[in-house]
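Following is a predicted model, sequence given first.
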Protein chains: 2
Amino acid sequence: MNKEEHIKATAKEIFFFKGELHATTQEIADAAEVNRSLINYYFRSRDNLFEIVYNEAVETMVSQLDNVIYSEQPFMDKLELLIEVYTQEILKYPYKESFLITEICSKNFLLKEKKKSHSLIAFVEDVKKEMEKGTIKKTDPVHFVINLFSLMAYPIVMAPLYRKLFNLSKEKYQDLLSERKTLIFKLLTE
Amino acid sequence: MNKEEHIKATAKEIFFFKGELHATTQEIADAAEVNRSLINYYFRSRDNLFEIVYNEAVETMVSQLDNVIYSEQPFMDKLELLIEVYTQEILKYPYKESFLITEICSKNFLLKEKKKSHSLIAFVEDVKKEMEKGTIKKTDPVHFVINLFSLMAYPIVMAPLYRKLFNLSKEKYQDLLSERKTLIFKLLTE
DNA sequence: ACTTTTGTTAACAAAATTGTTAAACATTAA
DNA sequence: TTAATGTTTAACAATTTTGTTAACAAAAGT
């Protein structure tokens, strides 16, 4: 078992799944069952570890989405798969997004990304074409995409709040989230 | 000018508008142009200040929504007003929600709230009745409400990300957000 | 076998942040 | 004007967290 990878995995779990944004190096070390100094040995500083695992988590997300968006298949199939894959990814690390927002924007982390060719832009084009075909209602394709991601992500990100507000058990809420996959598809295409 | 109130207002701005969740007492004091000790004088501890301003911010949000939800007017008007008011509120403190999620859930802050009568539940009832009337499509009213809030909140919360992804200026994105008010209304009612 | 490299640890030092105290200052009321 | 109360500040102490160092162990190369 590789301790370097294990520390990264644990850090991702703590930061992006458990949502403990400001876990100390000690807490990460404890969770990973390694000596705290190992974190400095492998990653030099907490900030560095932080940046590495964040970038990795974003990259896997992006590559998952790229796979779907650049796949050759009918739009409706692609949309269905996208919902499946993105939902899965966000369930894995639900706190990654809010993390991104609250932490990273203020520190101009985002500015480092220089990728011009976002697959999202390609997907917007897909949507546009489909609208021209008349298969789905003609609106602004950017809004279509934003609607799509909002409907998928927000209920997952806000799960603890909504479970409270609507008095739902973990299981019930999980069911509700499953229902949403077809629900979102229908809402956007019908 | 009352310094106690001024510190609270500044803290809200830093935490919930600028999104600097972990601003130190020194940073808050600097922003408010007061001596750091004043924060301890008025609020005893950083955590306490934190809790006070968070509760205040939630309360004003809740009372805004209550006003709309418990108002006597046709459903469609109420929905339109709700979109207007909630959008406004979330624009004011866009980071409050993600804050709530990332910080508070892990510290069982939420458990303190004992309010049983959430106006949200009342609104779900409104939606249900309207569905029975046949004015809007019959679906699960809980999903309707979750859709509504997702469509309003997420694009605002994620503004920095989407602006980057779609290459939009602050002004353009502001326009896009304005468009969404009618767009969301239509998407959910048509 | 022994030398070098890599991994691991505890102890220490440094930095950052918070909370406290006591004194100065201002305001008001007796 | 003085006493009392409330406000503000700087200096200090305590705590928390991080990063470094040097010693030790294990593994790999020769």
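Received, thanks.

I figured A:F43 hits A:L49, correct?
Yes. Counting by CB atoms under 8 Å, A:F43 touches A:L49, with 3.9 Å between them. Every C-beta, even on glycine, is put in place using the N, C-alpha and C of the backbone.

Overlap in contacts, those two.
Common contacts of A:F43 and A:L49, defined by CB atoms under 8 Å, 6 or more residues apart in numbering or on different chains, comprise A:I7.

what's in contact with the helix or strand of chain A with the lowest mean pLDDT?
Every helix and strand of chain A was ranked by mean pLDDT, DSSP states H and E. The lowest is helix A:96-99, at a mean of 82. With contact meaning CB under 8 Å, 6+ apart, helix A:96-99 is reached by A:15-16, A:19, A:21, A:54, A:57-58, A:61, A:90, A:153, A:157, B:98, B:101-102, B:157-158, B:161.

mind redoing it with 6 Å?
A:F16, A:A57, A:V157, B:S98, B:I101, B:T102 (CB atoms under 6 Å, 6 or more residues apart in numbering or on different chains).

quick one: which of these sit in helices?
A:A57, A:V157, B:S98 (DSSP state H).

residues from chain A in reach of DNA strand C?
Proximity of chain A to DNA strand C, by CB under 7 Å from any atom of the strand, involves residues A:K3, A:V34, A:N35, A:S37, A:L38, A:Y41.

In terms of pLDDT, where does the second one sit?
The score at A:V34 is 97. That number is its pLDDT.

Over to A:L165?
87.

Spit out the contact partners of it.
Counting by CB under 6 Å, 6+ apart, A:L165 has contacts B:H118, B:L120.

Quick check: it vs A:H143, distance?
26 Å (CB to CB, to the nearest Å).

what's the distance between the residue nearest the centre of chain A and B:E33?
Centroid-nearest residue in chain A, with CA atoms, centre = their mean: A:I90, separated by 4.1 Å. According to CB to CB, A:I90 and B:E33 sit 41 Å apart.

cool, and A:N147?
Counting by CB to CB - A:N147 and B:E33 are separated by 42 Å.

Looking at those two, which one has more neighbours?
Applying other CB atoms under 10 Å in any protein chain shown to A:N147 and B:E33 shows that A:N147 carries more neighbours, namely 24 against 9.

what about that one, which helix or strand?
Using DSSP states H and E, the element containing A:N147 is helix A:141-157.

ditto for A:L168
Short version, using DSSP H and E: A:L168 is in no helix or strand.

same deal with A:D30?
Going by DSSP H and E, A:D30 is part of helix A:25-32.

follow-up on the earlier one: kindly reformat the contacts of helix A:96-99 as JSON lines containing neighbour count and distance to B:A9.
Formatted as JSON lines, these follow (neighbours: other CB atoms under 10 Å in any protein chain shown; distance: CB to CB, whole Å):
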{"residue": "A:F16", "neighbour count": "22", "distance to B:A9": "32"}
{"residue": "A:A57", "neighbour count": "21", "distance to B:A9": "35"}
{"residue": "A:V157", "neighbour count": "26", "distance to B:A9": "27"}
{"residue": "B:S98", "neighbour count": "26", "distance to B:A9": "21"}
{"residue": "B:I101", "neighbour count": "23", "distance to B:A9": "23"}
{"residue": "B:T102", "neighbour count": "24", "distance to B:A9": "23"}
